[in-house]
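K.L.:
Using only what follows, build the 3D model:
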Amino acid sequence: MKKISYIVILIVVLAGISGCISTKTATSINTSTKNENTQVTTTKLDKIYVSVNKPNYNATILVPVEIAEEINEVLSNISVESIEIVVGDENMGIGFNVYAMKFPGTRAMEITIDSKPLRNGTIVTNNKEPRVTINYNGKIYPGTIVIKDSTPKTKAKYRVRFDEISGRAKLGSLIIPKLDVTIETFIEKTGESEYKVFIVWNNETIATSYLHR
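P.N.:
Residues are numbered from 1 along each chain as shown. Presented below is the predicted three-dimensional model:
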């Protein structure tokens, strides 16, 4: 009986020791894994998302860490204006929405909107969610800007007498002083009862649409 008791006690002791080793090993592995993950994330962090939420727009872009602060400053200080242009007569018409943006200056990087370079820090687009890219050290970093409905809006309405249009005619110019932007609106007769209306900024057509009578 004594011999059997010794064997039972020995088995219980070994089982207890085995359980402690297993628990410590698991804890050690988990801790090690957690530490390694943290170290990898920290040491390999060479790019960071810059996100800006302003009353008139949102902007998000992934850029190198060394320029993140400057990009945040740039994206936080964009001046945005929504422009609504309506062309037509008492029976028919067509409307356009374009957006003017002015960016502050940057040091050693180029900013493009929808693959078009800024002109004196300014761009006009008909895209409410334009693609923004940063060219830095020969590499391209893409992001997005989303223009909100709360953006200040400038409106222009041009009344047209279609029977007086025989070729191309300029309907007028809309000036946005605070952005140093001038937007021109043209109409051109392109067929028997067809007219092309187009919006021009900086000698470039920004938006085009057709009217049929």
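
K.L.:
What residues are recorded as beta-bridge partners of residue 83?
P.N.:
residue 98, residue 154 (DSSP bridges).

K.L.:
Poorly predicted segments of the protein, please.
P.N.:
Where the chain drops to pLDDT under 70, the residues are 1-45, 107-108.

K.L.:
Can you tell me the element the residue nearest the centre of the chain falls in?
P.N.:
The chain has residue 144 as the residue nearest its centroid, 1.4 Å off, counting by C-alpha atoms, centre = their mean. Here residue 144, judged by DSSP states H and E, is contained in strand 139-147.

K.L.:
quick one: that strand to chain centroid distance?
P.N.:
In terms of C-alpha atoms, centre = their mean, to the nearest Å, the centre of strand 139-147 is found 5 Å from the chain centre.

K.L.:
same thing with stretch 111-120?
P.N.:
With C-alpha atoms, centre = their mean, you get 13 Å for stretch 111-120.

K.L.:
re earlier: I would like the residues contacting the strand holding residue 144, please.
P.N.:
The contact list for strand 139-147 (C-beta atoms under 8 Å, 6 or more residues apart in numbering) reads 47, 50, 56-64, 75, 78, 80, 82, 99, 101, 113, 128-135. Just so you know, the C-beta spots here come from the backbone N, C-alpha and C atoms, and that holds for glycine as well.

K.L.:
buried set for that strand?
P.N.:
141, 143, 145, 147 (16 or more other C-beta atoms under 10 Å).

K.L.:
Just give the nearest non-adjacent residue to the second one, would you?
P.N.:
Looking back up the chat, that one is residue 143. residue 61 (2.6 Å; C-beta to C-beta, 6 or more residues apart in numbering).

K.L.:
That neighbour and residue 52 touch, don't they?
P.N.:
No - in this structure, residue 61 is not within contact of residue 52 by C-beta atoms under 8 Å, at 9.1 Å.

K.L.:
Find residues that contact each of those two.
P.N.:
Residues touching both residue 61 and residue 52 (C-beta under 8 Å, 6+ apart): residue 75.

K.L.:
So which of these two has more stuff around it?
P.N.:
Remark: of residue 61 and residue 52, residue 61 carries more neighbours, 24 against 18, as counted by other C-beta atoms under 10 Å.

K.L.:
Which helix or which strand is home to that one?
P.N.:
Using DSSP H and E, residue 61 sits in strand 57-64.

K.L.:
Just list what that strand packs against, helices and strands only.
P.N.:
strand 47-53, helix 65-75, strand 131-136, strand 139-147 (3 or more C-beta pairs under 8 Å, 6 or more residues apart in numbering; DSSP states H and E).

K.L.:
contacting residues around residue 196?
P.N.:
Here residue 196 is in contact with 187, 188, 189, 190, 208, 209, 210, 211 (criterion: C-beta under 8 Å, 6+ apart).
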